[in-house]
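Participant: Structure for the following, please:
(chains A, B and C)
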Amino acid sequence: MAVLKPHPDRLLPADPTTRDIARRLYQTVKGMPIISPHGHTDPQWFADNEPFPDPAQLLIVPDHYVFRMLYSQGVDLASLGIATHDGTPYEADPRKIWKTFADNYYLFRGTPSRMWLDWVFSKVFGIDVTLTPETADHYYEVMDASLKTDAFRPRALFERFNIEVIATTEGPLDDLRHHKKIREGGWKGRVVTAYRPDPVMDPEHIGFAENLERFGQLAGEDITTFAGYLKAHQNRRAFFREAGATSTDHGHVRATTANLSPSEAAALYDKIRSGDFSAHEADLFRGQMLTEMARMSLDDGMVLQLHPGVYRSHNQHVLNRFGRDKGADIPLSTEYVHALKPLLDAYGNDPRLTFIVFTLDETVYARELAPLAGHYPALKLGPPWWFHDSPEGMRRFRDQMTETGGYYNTVGFNDDTRAFFSIPARHDVARRMDCSHLARLVAEHRLDEDEAAEVAYDLSYKLAKQAYKL
Amino acid sequence: MAVLKPHPDRLLPADPTTRDIARRLYQTVKGMPIISPHGHTDPQWFADNEPFPDPAQLLIVPDHYVFRMLYSQGVDLASLGIATHDGTPYEADPRKIWKTFADNYYLFRGTPSRMWLDWVFSKVFGIDVTLTPETADHYYEVMDASLKTDAFRPRALFERFNIEVIATTEGPLDDLRHHKKIREGGWKGRVVTAYRPDPVMDPEHIGFAENLERFGQLAGEDITTFAGYLKAHQNRRAFFREAGATSTDHGHVRATTANLSPSEAAALYDKIRSGDFSAHEADLFRGQMLTEMARMSLDDGMVLQLHPGVYRSHNQHVLNRFGRDKGADIPLSTEYVHALKPLLDAYGNDPRLTFIVFTLDETVYARELAPLAGHYPALKLGPPWWFHDSPEGMRRFRDQMTETGGYYNTVGFNDDTRAFFSIPARHDVARRMDCSHLARLVAEHRLDEDEAAEVAYDLSYKLAKQAYKL
Amino acid sequence: MAVLKPHPDRLLPADPTTRDIARRLYQTVKGMPIISPHGHTDPQWFADNEPFPDPAQLLIVPDHYVFRMLYSQGVDLASLGIATHDGTPYEADPRKIWKTFADNYYLFRGTPSRMWLDWVFSKVFGIDVTLTPETADHYYEVMDASLKTDAFRPRALFERFNIEVIATTEGPLDDLRHHKKIREGGWKGRVVTAYRPDPVMDPEHIGFAENLERFGQLAGEDITTFAGYLKAHQNRRAFFREAGATSTDHGHVRATTANLSPSEAAALYDKIRSGDFSAHEADLFRGQMLTEMARMSLDDGMVLQLHPGVYRSHNQHVLNRFGRDKGADIPLSTEYVHALKPLLDAYGNDPRLTFIVFTLDETVYARELAPLAGHYPALKLGPPWWFHDSPEGMRRFRDQMTETGGYYNTVGFNDDTRAFFSIPARHDVARRMDCSHLARLVAEHRLDEDEAAEVAYDLSYKLAKQAYKL
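Facilitator: Residues are numbered from 1 along each chain as shown, chains lettered A, B, ... in the order given. Below you'll find the model as predicted:
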């Protein structure tokens, strides 16, 4: 059985001079607390502090990175325990799910999932052999036993992981009860929410009309008028801020923004509310609302995040059988220069606004986003996202963003994950890759090492706190 | 005179640690037989086993990589022996052609052509000085004499090159007589064909209407109806399979696929057959036929290949004077996410289908193709193609594909060439670059060396055999 | 205080073998005279040879790279001495401007501006401590005192910088008096102009109608007809050639070219002159004029340059308050394959034409521009431009252009700057990066060192002279 032992120098450049520099830089930041300003962990974990489920339910069933790769090689999602929506059976035995995963673990060679998972196996569970079909049972037993202990409950791990603050993401219809419970329970861990109003801001969202009704009721506003609808947002934003939210987040197909006149915007809202609108009008409405959100951000100080450019649920068969978020979301070519102009013309020159833009289209790094962020006071660059939250993705991000955008128009790292156990591994990868990037600049005499160390600190810790006001 | 001697470590990373790893990995795969599942060699060479022509006719006149570069620097194509279509004279003296090439050989510095050619000069012909104007005659004489020997006949080289199997590419109107002769002649070399029906599937192909007539006759089907036309394809596919074909291949302008209802498809076919159709309808027809091909592949097991995204014969002057395929084909920005959805919705979830997609637009590697191939069971990523079949092209392919697509959604290497003498050099470049890529991962402690060795074997040999069913 | 001392090995690869090779290559080209074939220095400097202004007016106020980065972090442009257009006050005290810059100098870490500026501070002004808030006054005093000496006058620096020839850029309405004065004054420095007719060729240029009037008067031609308008261009081109011009340059939104019939072109001109035209017609007119310029180039031998793909003055607020060229120009996705075809079909096969194309969209390097330039005799690739005139930008340029385009379809380096003091630093960065690129090829046994040395010389000196006919 091969030994599993994440190497202390992993991800650092092989050249000895550069590696020495990278190692020194990394030593200064590896122990910094984790700032996780954007992600998808479940606040109920921290509220109730119940044990996590079995290894398969913990690490396979909810991880779209994992099951998408297995599926691509012909492994049926049902055999991985993904619940079907069509009544067909799916695997319920976590040991079988785990075995199927172990049989196919070689597929993850060269992927970030492999690196995160090996870290979890080794550092969280203390396993010291590699995962193979032969070691699958050993893995299952060690992990299953550990998960039943108090040391593996959510709050204990939160503390062990050295998380200073973590943000979850909730919809506008959420009552934030878990956050309330955490806040009032006396535990010192800091868990804040974030306002993600897609269900009431995206006219193409499933259940939009009903969501809107509910939204008005919750907010106590008359959402039959645009003015009332905007007030409802202000109201809910205030409610979210009470639960610690410092940011809003928006997942749109395009990066469209708009700045219509009040009467045009009100007329568009009426059209949208009628249910009789075109795809273009839906896009325009989302874009108009981004600008409204920016305006509200100037009032209440919330940071505005935009995550655009994904074709959601590309696979009709998988959508029908298993539902949304099943690894079938595919990035799209995304334009920002024309798209962001209306919002930027309205509020982009105001340094009080922080507008963090993400992309899954790396071609815009050097061409569009770095030039925009290297000019507009309000605009900041979100870290490499989703498919690009990986060593090579991070390398491309720094290589293509830095020369025009600098470091100080970026905002540190987001883990953006629901996979709680992997959070330290993800931040560690980012710190190692940033230190590797900086070490190359130092080795090539493009930056002094003392300045590089300051930048490493800023990228690992300070910028995230500062940009997200945490 | 400078010495010509391809260095044993060529293309391996300079860092000593990484180079040592790469060298070890490369040693395990350098001697593997060549699997060439897609290319354009002439089956008549292997059928008749006649000597190849003179050095200029062998290495310059048919190689668009070579004459496009010379032409770009003002060398007239006619002076390189390219036959004119307009009656104007062109050079017939192979020594003069060779001398013009040698005079301009410095233009190829830094290009893959230089690397392939130097390998051919050194390893195939045993020449030990670099090609310069001064050594041009020496080169010509050595090569010309060699080419007249039995050791340089096609079958001898096939064996010397350690080719396990090679696929040629033929049109649907081909009688495959050369493949028949090879098969029946008792030679042990394995040469198979591939079905490339562009002449009867692309309504914008020159001679489409006549091709269609001929196609119906050859297949013994009534191609005046869509049903008959589809049967003709089934018939010809069966005929090609008898000649060893395991794949079909399609060269389209866009990656469009479609899945029309039977009546819509039949109506579209009638429109196309009438000759009165729009560019959009031609594109739609090609897209519909790709989906039909996928369906037939499920029946007969043939692998489906798509090579989209080229503006063919961009240079009107060169087209008029010298015809097609004269180095004037230019890649286009190509969209896959929307384009492939109809075919993928129809057959993308079926692991029995192997649909190999290529691209000349590298921006889609990380953004579109790796996410698609990292999800759909049927979809696989073709290797770096044409302009990107080069060390840097291969580096970008692995750097941008692996983290989301992994290694096992790729299919090994294609040489995709008519330049028979360069085939071992091309496979060798791919093996060296893959080992270099893997060595970096090992040196950065991202992959264990024993796993890297398995991957090196898979990329060099196993995946091509497996994906193409060879 | 940290020591400021640009390292002799800066930008060279860290790997010792590769660095040794790069160092040897660099030694052979570091002392070559500077050929600056395209840029924006002010010919009046060299004509009048008056001292340059204070440090802030010299290095901050005119440098959009510098103030865009400061502005992006909330520093008001007015506080940097940028003149307002709306009557609001702006900082006039150069010491205060300098202090604001020094306070924020850390923002430039990792950017080319930092590298250029440090070089200017150290090598031109002899300062040996890094710029910090604490050393700001020292910096100001040293530089201010130096600038008042004869050794820092334009002609003295021109000679000290070892500039063999520099091209400025003037509009068609310019009387070229400064060039005349230089030419007639007996100074041996070679300063030539370049013809940039955007003000009379771009219908969307501010003041187009008035410019056209003036253009006709200056040229002594009747610009009410297209024939007269074309003659006016020929006339002005001849006038510019007398002032040494060897090139024309064109800054267009898109890369569109057109080749209308004479009557269509004349009708389009009438439409444009009427002032009643669409955006499409304006684009078509610019495209038609590029083809006319190519035709004139065949007559008078001038090199044709195209700089497309920028959204100018993206920020309406900054445009209103401070005017154009204030760091708010943003690159656009740009298509070349279809766009350039009309011009290339007309003149692309003529090796007498030199058509140099630039891009801010790096995705076209390997996909479109290298294939086009690796085929068409007239087409050459301009060096990495503007945001990409940086170490990583140059690395990507060579990595993505060379394998298909080679070295000899590129044209050496352009500094393209108004920042006279930084010109040697910019050429030095290009030479270092080209030598680093070549050294990697040598270290990986892809190119012999003697050939690499020839290429280094060509890229640093010969190709620019040759391509621009200087």
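Participant: how long is stretch A:146-156 from one end to the other?
Facilitator: 12 Å (Cα to Cα, to the nearest Å).
Participant: Give me the mean pLDDT for it.
Facilitator: Taken as a whole, stretch A:146-156 has a mean pLDDT of 98.
Participant: residues making contact with it?
Facilitator: With Cβ atoms under 8 Å, 6 or more residues apart in numbering or on different chains as the test, stretch A:146-156 has contacts from A:45-46, A:49-55, A:58, A:125-126, A:157, A:160, A:187, A:189, A:420. In short, each C-beta sits where N, CA and C put it, glycine included.
Participant: What of stretch A:444-457?
Facilitator: Stretch A:444-457 is contacted from outside by A:21, A:24-26, A:28-29, A:32, A:407, A:431, A:434-435, A:438-439, A:441-442, C:2, C:6-7, C:9-14, C:106, C:109-110, C:115, C:130, C:391, using Cβ under 8 Å, 6+ apart.
Participant: tell me the mean pLDDT over it?
Facilitator: 98.
Participant: And it, how far out from the chain middle?
Facilitator: Distance, stretch centre to chain centre, for stretch A:444-457: 28 Å (Cα atoms, centre = their mean, to the nearest Å).
Participant: Name the nearest residue to A:M401, sequence neighbours excluded.
Facilitator: In this structure, A:M401 finds its nearest non-sequential neighbour in A:A370, 4.8 Å apart by Cβ to Cβ, 6 or more residues apart in numbering or on different chains.
Participant: typed the wrong thing, it's A:P89
Facilitator: Spatial nearest neighbour of A:P89, excluding adjacent residues (Cβ to Cβ, 6+ apart): A:A78 at 6.8 Å.
Participant: cool, and A:L25?
Facilitator: The shortest distance from A:L25 to any non-neighbouring residue, by Cβ to Cβ, 6+ apart, is to A:C435 (4.1 Å).
Participant: Look up how far chain C lies from the one you found.
Facilitator: 14 Å (Cβ to the nearest Cβ, to the nearest Å).
Participant: now do A:L268
Facilitator: 22 Å.
Participant: A:L343 too?
Facilitator: Separation of A:L343 from chain C (Cβ to the nearest Cβ): 12 Å.
Participant: any idea of the mean pLDDT for stretch A:312-320?
Facilitator: Per-residue pLDDT over stretch A:312-320 has a mean of 97.
Participant: And for the helix or strand hosting A:K96, what's in contact with it?
Facilitator: Under the criterion of DSSP states H and E, A:K96 resides in helix A:94-103. Here helix A:94-103 makes contact (Cβ under 8 Å, 6+ apart) with A:54-57, A:60-61, A:66, A:70, A:75, A:79-81, A:91, A:131-133, A:135-137, A:139-140.
Participant: Just the buried residues of those residues.
Facilitator: For the contacts of helix A:94-103, a burial check counting by 16 or more other Cβ atoms under 10 Å in any protein chain shown picks out A:54-56, A:60-61, A:66, A:70, A:75, A:79-81, A:91, A:131, A:135-136, A:139-140.
Participant: Just the residues you listed: which are in strands?
Facilitator: When these are checked against strands (DSSP state E), there are no matches.
Participant: among these, which are within reach of chain C?
Facilitator: Cross-checking the buried ones among the contacts of helix A:94-103 against chain C (Cβ under 8 Å from any Cβ of the partner chain) gives no overlapping residues.
Participant: one step back: report the distance from the helix holding A:K96 to the chain centre.
Facilitator: Chain-centre distance of helix A:94-103: 27 Å, with Cα atoms, centre = their mean.
Participant: Over to stretch A:49-56?
Facilitator: Centre-to-centre, stretch A:49-56 and its host chain are 22 Å apart (Cα atoms, centre = their mean).
Participant: mean confidence for it?
Facilitator: On average, the pLDDT along stretch A:49-56 is 98.
Participant: neighbours around the residue nearest to A:A266 when sequence neighbours are not counted, how many?
Facilitator: Nearest non-adjacent residue to A:A266, counting by Cβ to Cβ, 6+ apart: A:F226, 4.1 Å away. Using other Cβ atoms under 10 Å in any protein chain shown, A:F226 has 20 neighbouring residues.
Participant: cool, and A:E213?
Facilitator: A count of neighbours around A:E213, defined by other Cβ under 10 Å, yields 12.
Participant: who's in contact with whichever strand or helix holds it?
Facilitator: According to DSSP H and E, A:E213 maps onto helix A:208-219. With Cβ under 8 Å, 6+ apart as the contact definition, helix A:208-219 has outside contacts at A:172-173, A:199-200, A:202, A:205, A:222-224, A:228-229, A:231-233, A:235-236, A:273, A:275.
Participant: Surely A:A22 is in contact with A:L12?
Facilitator: Yes. Counting by Cβ atoms under 8 Å, A:A22 touches A:L12, with 4.4 Å between them.
Participant: okay, these two: which has more neighbours?
Facilitator: Just comparing A:A22 and A:L12: by other Cβ under 10 Å the higher neighbour count belongs to A:A22, 28 against 24.
Participant: so what's that one up against?
Facilitator: Residues counted as contacts of A:A22 (Cβ under 8 Å, 6+ apart) are A:L12, A:P13, A:R432, A:C435, A:S436, A:L438, A:A439.
Participant: for the first one, phi and psi?
Facilitator: Looking back up the chat, that one is A:L12. The phi and psi values for A:L12, taken as degrees, to the nearest 10, are phi -80, psi 150.
Participant: who's in contact with it?
Facilitator: A:L12 touches A:T18, A:R19, A:A22, A:R23, A:Y26, A:R432, A:C435, A:S436, A:A439, B:E444, counting by Cβ under 8 Å, 6+ apart.
Participant: Name the helix or strand for the spatially closest residue to A:L459 that is not a sequence neighbour, please.
Facilitator: Excluding its sequence neighbours, the residue lying closest to A:L459 (Cβ to Cβ, 6+ apart) is A:D434, at 4.7 Å. Per DSSP H and E, A:D434 falls inside helix A:423-443.
Participant: re earlier: the residue nearest to A:A266 reaches A:S261, doesn't it?
Facilitator: No. Taking contacts as Cβ under 8 Å, A:F226 lies outside contact range of A:S261: 11.7 Å.
Participant: Tell me how far the residue nearest to A:M401 lies from chain B.
Facilitator: To chain B, A:A370 is 16 Å away according to Cβ to the nearest Cβ.
Participant: Right, I'll leave it there.
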